[in-house]
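Asks: Could you work out the structure for the sequence below:
(one chain, ligands or ions: 1)
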Amino acid sequence: MVAPANKIDLRTEFCGLIFPNPFVLASAPPTASGAMIKKAFKLGWGGAVIKTLKPDDMQIVDVTPRFATLKSSHGETIGFENMELVTKRPLGIWLKEIREIKSEFPDRVLIASIMADIKKESWQNLAKAAEGAGADAIELNLSCPHGMPERGIGAAVGQKPELTKLITSWVTEVAEVPVFIKLTPNVTDIEPIAEAALEGGADALSAINTVESMMGVDLDTFVPMPSVDGSSSYGGYSGMAVKPIGLRVVSQLAKWGQLPISGIGGISHWEHAVEYMLVGASNVQICTAVMLKGYGIIHDLIKGLEQYLEKKSFTSVKEIIGLSLPKIIAHSSLDRSKAMMAQVNQEWCTGCNLCVTVCEDAGYAAISGGPNKTIYIDSKKCDGCSLCTHVCRRKALNMVVNPVRKEIRG
Ligand SMILES: Cc1cc2nc3c(=O)[nH]c(=O)nc-3n(C[C@H](O)[C@H](O)[C@H](O)COP(=O)(O)O)c2cc1C
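Replies: Numbering: from 1, shown residues only. Here you go, the predicted model:
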């Protein structure tokens, strides 16, 4: 790879494929047709995973409505639940569109997500058809948590190592392009599933698919959300709220270290993408943020990443991949030699006394309110938990080394 002159090199290599930038549309509504993917590519997206393809004899009827959201107190959508199934469109139309997309955008990476019943022929036919039409890679959807598991597929496969290995091996037996396995976070331990994918011949892992969830319950009608004519079902949770789960899974996979990873889950800003790369993702996939704001977020994603790399004196994306991994250690190995405590910046304090309340009711009663909106922190009582710094809306509290307590309480 030769870096473009005077520019940060945003290109990333993944299983031998070169992405012009690490931002990829995840398999979901933003990749629901060829026309949509072309629009996104025109705006600068580096790659796209097609909304999961299925054999024509698999019946797909979506429920309406099928989305529900969790809002912050400012009205921002921070969590998103869906009960949507895979594509409803005939395979033949998709194959034509794959050819068109690849001929118009040969430099972008087009990945075909596929799902079939547990029949070798169905998986192999789908993979061969997508590859024959020009898909650069195949992603196996072994991870949809709603609807499909009732039919024994989706997450019902990705929760079982033996089935994961079997289906992966069926596809890798016939595919010449790289095969990615999209993993579900709805498992107790991700490593045996990753091992099974590796044994089945996978080239890479994509993580995470959505987290099985229930968004809420309508207190008047008693129907969980979203209500489909008075009833509901479990759905898949995505958006910003799942980023901590995605980061945990991706970092665990990266520490396992046997396959490259495409990081997914709650990426809404360039900073989130950088976090995923720091914990080991070679590129990132995005769905919910595009559903909430449109393809145009690619401009801020690219600009933000470029500026960050420049500011930190990196010249390419690959230099940051996995940089945080050595800093993720066992809990028992974390430093216990320094006792920390909270410190207040009185200029920022408004005297709301929320820190006093939470320290009394859920901490160590180390904070007391003084006259003129001042607060006082008792270094002998403060246990250094940091709760007060998280509830302070003005960021008037921060953590420093405790000058009094040298030892940490046992
Ligand atoms: C409405 C909706 C439909 C989705 N459909 C698919 C799908 O067909 N295939 C798939 O592999 N993942 C599907 N996903 C999961 C996304 O690709 C992605 O893994 C997940 O939403 C987490 O990323 P995000 O937080 O950026 O949305 C869907 C997600 C949503 C919200």
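Asks: So which residues on the protein come close to the ligand?
Replies: Proximity of the chain to the ligand, by Cβ under 6 Å from any ligand atom, involves residues 26-29, 51-52, 80, 82, 84, 86, 113, 141, 144, 182, 209-210, 238-239, 242, 264-267, 286-289. Every residue, glycine included, has its C-beta placed from N, CA and C.
Asks: One more pass at 5 Å, please.
Replies: 26-28, 51-52, 82, 84, 86, 113, 141, 209-210, 238, 264-266, 286-288 (Cβ under 5 Å from any ligand atom).
Asks: Would you map the helices across this protein?
Replies: 34-43, 91-104, 120-133, 155-158, 161-174, 191-199, 243-256, 270-278, 288-293, 297-311, 354-362, 387-391 (DSSP state H).
Asks: quick one: contacts of the last one?
Replies: Same thing as helix 387-391. Identification of contacts with helix 387-391 by Cβ atoms under 8 Å, 6 or more residues apart in numbering yields 342, 354-355, 358-359, 362-363, 367, 395, 397-399.
Asks: mind giving me JSON lines with the helices of the chain and columns for mean pLDDT and mean neighbour count?
Replies: Shown next, in JSON lines, are the helices of the chain (pLDDT from 0 to 100; neighbours: other Cβ atoms under 10 Å):
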{"stretch": "helix 34-43", "mean pLDDT": "98", "mean neighbour count": "18"}
{"stretch": "helix 91-104", "mean pLDDT": "98", "mean neighbour count": "16"}
{"stretch": "helix 120-133", "mean pLDDT": "98", "mean neighbour count": "19"}
{"stretch": "helix 155-158", "mean pLDDT": "96", "mean neighbour count": "25"}
{"stretch": "helix 161-174", "mean pLDDT": "98", "mean neighbour count": "20"}
{"stretch": "helix 191-199", "mean pLDDT": "98", "mean neighbour count": "20"}
{"stretch": "helix 243-256", "mean pLDDT": "98", "mean neighbour count": "21"}
{"stretch": "helix 270-278", "mean pLDDT": "98", "mean neighbour count": "22"}
{"stretch": "helix 288-293", "mean pLDDT": "98", "mean neighbour count": "20"}
{"stretch": "helix 297-311", "mean pLDDT": "98", "mean neighbour count": "16"}
{"stretch": "helix 354-362", "mean pLDDT": "97", "mean neighbour count": "16"}
{"stretch": "helix 387-391", "mean pLDDT": "98", "mean neighbour count": "16"}
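Asks: To Lys7, which of these lies closest?
Replies: With Cβ to Cβ as the measure, helix 297-311 is the member of the helices of the chain nearest Lys7 (8.0 Å).
Asks: by contact count, what packs against the closest one?
Replies: Counting contacts by 3 or more Cβ pairs under 8 Å, 6 or more residues apart in numbering; DSSP states H and E, helix 297-311 packs against strand 23-25, helix 34-43, helix 270-278.
Asks: and the spatially most central residue of the chain, what pLDDT?
Replies: Taking Cα atoms, centre = their mean as the criterion, Gly265 is the residue nearest the geometric centre of the chain, at 1.4 Å. Here the pLDDT value assigned to Gly265 is 98.
Asks: about what we covered before: now render the helices of the chain as JSON lines, adding distance to Pro149.
Replies: Listed next are the helices of the chain as JSON lines, based on distance: least, Cβ to Cβ, whole Å:
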{"stretch": "helix 34-43", "distance to Pro149": "27"}
{"stretch": "helix 91-104", "distance to Pro149": "22"}
{"stretch": "helix 120-133", "distance to Pro149": "17"}
{"stretch": "helix 155-158", "distance to Pro149": "4"}
{"stretch": "helix 161-174", "distance to Pro149": "12"}
{"stretch": "helix 191-199", "distance to Pro149": "15"}
{"stretch": "helix 243-256", "distance to Pro149": "18"}
{"stretch": "helix 270-278", "distance to Pro149": "26"}
{"stretch": "helix 288-293", "distance to Pro149": "21"}
{"stretch": "helix 297-311", "distance to Pro149": "31"}
{"stretch": "helix 354-362", "distance to Pro149": "38"}
{"stretch": "helix 387-391", "distance to Pro149": "36"}
